[in-house]
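Asker: Predicted structure and sequence below. I'll ask about it afterward.
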Amino acid sequence: MTCSDLTYFVRPGRYRCIVPPANDRRILHFTDVANVPKIIAAGGIWPDNVMTNQSYAFRDCASADIKEARRTKPVPMPPYGCVGDYVPFYYAPRSPMMSAISKGGVPGYSDSRQLVYFASTVGAVCAAGLGWVCTDGNARTGLTRFFGTLEELESKIDWSIMEERYWANTADDGDRKRRRMAEFLVHGFFPIGLVTGIATHNQGIMDSIEGFLPPHIFTAVKPELYI
């Protein structure tokens, strides 16, 4: 397999990100398994504001209050708009959002095993000419800063915490959780042709979607990516 495969970002026994150049950083988006056939049929992933305005019948896996805050939070740099106008990606698995789901922190959604990872790279987004911004933490919080260059992506994000299996805040560092939630935000739409791989928790979930997937997408069952 090549570095485009889903084997790239986990080494046996631990969660350790291989460190590539900034334009080849891996990015991960997760969604409920029921949404996958709809995403494939639509040709890609729409941002939350589009899905809300068009009344798309997608199953949410995030808290309603969090999504509402993101829909209206301004992005202070080109291509501007609000956070809800962007398709969000993380840089590492087992995110704080997934932890919240597993612990019952998202009303109406409590089984993270139903989530499916879509993987791509920063380089694929840049090569496609898509608009994007990145953040050094959770895009919803006031402390988080927004950036728009590959140099800033490489220097401003805490890549060391992306290598850690455990990212909880500590007495010495009360900002670990926010930094682990650093985001790569793709403006407007994310084409399915840029998805390099898909991972699921178990074979049953994979079997339910594999028939919908384009042939270029590498698939892997990776329970170690889940909480």
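Answerer: Arrived safely, thanks for sending. Numbers count the residues shown, from 1 in each chain.

Asker: Contacts only, for residue 52.
Answerer: 71, 84 (C-beta atoms under 8 Å, 6 or more residues apart in numbering). From N, CA and C alone the C-beta is placed, and that goes for glycine too.

Asker: what about it, which helix or strand?
Answerer: helix 48-53 (DSSP states H and E).

Asker: And that helix, what's buried?
Answerer: Buried positions in helix 48-53, judged by neighbour count with 16 or more other C-beta atoms under 10 Å: 48, 49, 51, 52.

Asker: Select, from those residues, the two members most distant in space.
Answerer: Greatest spacing in the buried residues of helix 48-53, by C-beta to C-beta: 49 and 51 (7.4 Å).

Asker: Dump stretch 29-47 to CSV, restricted to CA.
Answerer: Written as CSV, here are the backbone C-alpha positions of stretch 29-47 (Å, rounded to 0.1, in the frame of the first residue of the first chain):
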residue,chain,number,x,y,z
HIS,A,29,-13.6,13.6,8.6
PHE,A,30,-16.1,11.3,10.3
THR,A,31,-19.8,10.9,9.8
ASP,A,32,-22.6,8.4,10.6
VAL,A,33,-22.6,5.3,8.5
ALA,A,34,-26.2,6.1,7.3
ASN,A,35,-24.8,9.2,5.6
VAL,A,36,-22.2,7.4,3.4
PRO,A,37,-24.5,6.3,0.5
LYS,A,38,-25.9,9.9,0.4
ILE,A,39,-22.4,11.4,0.3
ILE,A,40,-21.5,9.1,-2.5
ALA,A,41,-24.7,9.9,-4.4
ALA,A,42,-24.0,13.7,-3.9
GLY,A,43,-20.5,13.3,-5.2
GLY,A,44,-18.9,14.5,-2.0
ILE,A,45,-19.4,16.1,1.4
TRP,A,46,-21.4,19.3,1.8
PRO,A,47,-20.8,21.6,4.8
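
Asker: Could you report the neighbour count for residue 95?
Answerer: Residue 95 has 22 neighbours, counted by other C-beta atoms under 10 Å.

Asker: elements contacting the longest helix along the chain?
Answerer: Of all segments of type helix in the chain, defined using DSSP state H, the longest is helix 64-72. Applying 3 or more C-beta pairs under 8 Å, 6 or more residues apart in numbering; DSSP states H and E, one finds that helix 64-72 contacts helix 48-53.

Asker: Please save the CA atoms from the helix it packs on in CSV.
Answerer: What follows is helix 48-53 as a C-alpha-only set of coordinates in CSV (Å, rounded to 0.1, in the frame of the first residue of the first chain):
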residue,chain,number,x,y,z
ASP,A,48,-23.4,21.8,7.5
ASN,A,49,-24.8,25.2,6.4
VAL,A,50,-25.7,23.8,3.0
MET,A,51,-27.2,20.6,4.4
THR,A,52,-29.3,22.7,6.9
ASN,A,53,-30.5,25.2,4.3
